[in-house]
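Visitor: Provided below are the primary sequence and the corresponding predicted coordinates.
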Amino acid sequence: MRVLAVGGHPDDLESLCGGTLARFAREGHEVVMCHVANGNKGSFEHSSEETARIRTGEARRAAELCGATHITLGVPDGEVLSADRAQRSLVVDLVRDAMPDLIITHFPGDYHNDHNETSRLVFDASFLASVPLFVSGKPHHDKVTPIYYTDTLAGLGFVPTEFVDISEVIGIKEAMLRAHESQVAWMCDHDGVDLVEHMKIANAFRGQQCGVAYAEGFAPCLTGLRCTTKRLLP
Ligand SMILES: [Zn+2]
């Protein structure tokens, strides 16, 4: 199976579904990890350009740790906009290149608007990717791909309906998140949040809900053309 995961910022996929992506890769599936925004506002000490460069490098290392391919779309932080035609075309081409069987992205009611706009971008663009007359220079994808939404930050406002046991890969997930060294420091300084501890508590809580040590929660996008009878998650 080919799995395309699309997050807002460089560390979001690692936080919210890194364990599931690690399991997909370990079980022989192709995984592409893409972040739409380049992370360029997440620093007290570096310029925007330096911050984007540092964070892209961190995301590349994190993806390597789980055996995924890394892509960034390079949109500045705070400027992800689903109505923007250029951004929509970028995501159409992302889907057409990846030809995914499953797309994972943010739930469209998370704490950061870049996450919510990423979710809408992915929803819109993954439909348009299947439309031959939406011309982008790349061949159209032959289906409207099912989407699964990740948990939100701290699980607020989100009710998972499917769980993935990540107990055996929690070490890989933690290493992926720690690869985002600059963001771990930023979240501590700017928000008073220990990103790694925060993730482990959230995943232990989801684990309690489904009877394992650590789990990630998801909900399918239940709209026309997206539903399936198959279990797509590990
Ligand atoms: Zn984010």
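Guide: Received it, and whenever you're ready, just let me know what you need.

Visitor: so who does the residue of the chain found nearest the ion touch?
Guide: Nearest to the ion in the chain, going by Cβ to the ion, is His9, at a distance of 3.5 Å. The way it works is simple: take the backbone N, C-alpha and C, and place the C-beta from them, glycine included. Shown in contact with His9 (Cβ atoms under 8 Å, 6 or more residues apart in numbering): His35, Ala37, Gly39, Gly42, Arg55, Asp77, His112, Asp114, Gln183.

Visitor: Now intersect those with the helices, please.
Guide: Arg55, Asp114, Gln183 (DSSP state H).

Visitor: what about the second one, distance to Gly192?
Guide: Noted for Asp114: a distance of 20 Å to Gly192, by Cβ to Cβ, to the nearest Å.

Visitor: Please identify which of the two sits among more neighbours.
Guide: Asp114 (24 against 7; other Cβ atoms under 10 Å).

Visitor: Which residues of the chain lie near the ion?
Guide: When proximity is defined as Cβ under 5 Å from the ion, the chain approaches the ion at Gly8, His9, Asp12.

Visitor: Please repeat the previous calculation with a cut-off of 8 Å.
Guide: Gly7, Gly8, His9, Asp11, Asp12, Ser15, Ala37, His112, Asp114, His115, Leu153 (Cβ under 8 Å from the ion).

Visitor: The last one reaches His106, doesn't it?
Guide: No. Counting by Cβ atoms under 8 Å, Leu153 stays clear of His106, with 9.8 Å between them.
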